[in-house]
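> got a sequence here, can you model it:
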Amino acid sequence: MCRAARRDGTRTVVATPHVNWDYPDVTAVVIQDQVAAVNGALRAAAIDVTVRMGAEVALSRAGELSDLELSVLALGGGPYVMLEFPWTSAASGAINALRAFARRGHGIVLAHPERSPALQRDLGLVRDLVESGVLCCLDVASLAERADRQVRSAAWQMLGERLAHAIASDAHDAVRRPPELAAALERAGLTVTEVEYFTSEGPEAIINGERVTSPPKVREPRRRGFRRWKP
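Numbers count the residues shown, from 1 in each chain. Now for the predicted structure:
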């Protein structure tokens with residue numbers, strides 16, 4: 001996966017394994033050990049990629065973790081924890097849980113909010129969260145023409161309303177869900193400046209604990225093969 005990422009131009013990868021109730025053995029200590037092991041293997045293989053700490057923490061699990069554990073699981077060692085919004089259609093309980101989590105002092109980056117049914121239906125909720133300081137990270141696959149229609153629509157709307165601050169590959173392997181990022185965004189129609197913000201400027205600010213500047217407003221390109229006919 002790191003070789004594939006490097007071919008795409010990536011030099012820093014944040015490991016974000018799931019920390020939820022489905023994988024009780026995936027803990028902060030385990031992730032630390034494995035990240036160190038992977039970095040050792042990368043150096044031995046002379047692969048110019050660095051893997052940094054992180055996790056995709058289920059909102060339902062976050063409340064059970066200590067502040068020390070959350071600090072270890074923060075993205076790249078910075079102040080932000082990546083949280084996964086529940087896959088249910090109800091939003092009120094999750095919003096209250098997010099607010100309670102924010103009061104603990106950790107920054108929040110929502111993982112692929114465009115894939116959450118509750119947030120797809122009401123981007124006003126996303127807007128309110130962003131205005132309160134929450135950041136959003138989209139999945140690059142959500143912008144592709146083959147993506148689910150509702151997911152794709154939500155992702156492009158978020159880009160158009162400046163509600164996304166980073167775009168990640170959400171890679172799981174080197175073939176079926178590869179770590180392709182820059183090339184995929186260029187195919188989706190983003191400009192060089194937009195790609196730079198969502199893959200470098202925004203993510204670097206997040207993991208370094210710096211101020212995240214306002215994202216560019218991205219317009220969805222016209223889809224090829226479709227015509228608009230006058231009635």
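> switch to C-alpha atoms for all contacts and neighbour counts from now on
Noted.
> quick one: low-confidence parts of this structure?
89-90, 223-231 (pLDDT under 70).
> can you classify the residue nearest the centre of it by secondary structure?
Nearest residue to the geometric centre of the chain (Cα atoms, centre = their mean): residue 137, 3.4 Å. Three-state call for residue 137 (DSSP: H, G, I helix; E, B strand; the rest coil): strand.
> was I right to think it contacts residue 109?
Yes - between residue 137 and residue 109 there is a contact under Cα atoms under 8 Å: 6.6 Å.
> touching both of the two, which residues are there?
By Cα atoms under 8 Å, 6 or more residues apart in numbering, residue 137 and residue 109 have no common neighbours.
> now the helices for the protein?
In the chain, the segments counted as helices under DSSP state H are 2-7, 28-44, 59-62, 67-73, 92-102, 117-121, 123-131, 149-160, 182-188, 192-196, 202-208.
> now the shortest one: how far from the chain's centre is it?
Put plainly, it is helix 59-62. 17 Å (Cα atoms, centre = their mean, to the nearest Å).
> only C-alpha atoms, please: export it in CSV.
Taking Å, rounded to 0.1, in the frame of the first residue of the first chain, the C-alpha atoms of helix 59-62 are listed here in CSV:
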residue,chain,number,x,y,z
LEU,A,59,-18.5,7.8,18.2
SER,A,60,-20.2,5.1,20.2
ARG,A,61,-16.7,4.0,21.4
ALA,A,62,-15.2,7.4,22.0
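> what are the buried residues along it?
Within helix 59-62, the residues that qualify as buried by neighbour count (16 or more other Cα atoms under 10 Å) are 59-60, 62.
> check the second one too.
Neighbour-count burial for helix 28-44 flags 28, 31-32, 35, 39, 42 (criterion: 16+ other Cα under 10 Å).
> next one: stretch 159-172
Quick answer for stretch 159-172 (16+ other Cα under 10 Å): 159-160, 162-171.
> now do it: everything it contacts.
126-127, 130, 135-141, 158, 177-181, 197-199, 202-203, 212, 214-220.
> going through those, which ones are buried?
126-127, 130, 135-141, 158, 178-181, 197-199, 202-203, 212, 215-216, 218, 220.
> and the spatially closest residue to residue 84 that is not a sequence neighbour, how many residues sit next to it?
Nearest non-adjacent residue to residue 84, counting by Cα to Cα, 6 or more residues apart in numbering: residue 58, 4.8 Å away. By other Cα atoms under 10 Å, the residues close to residue 58 number 19.
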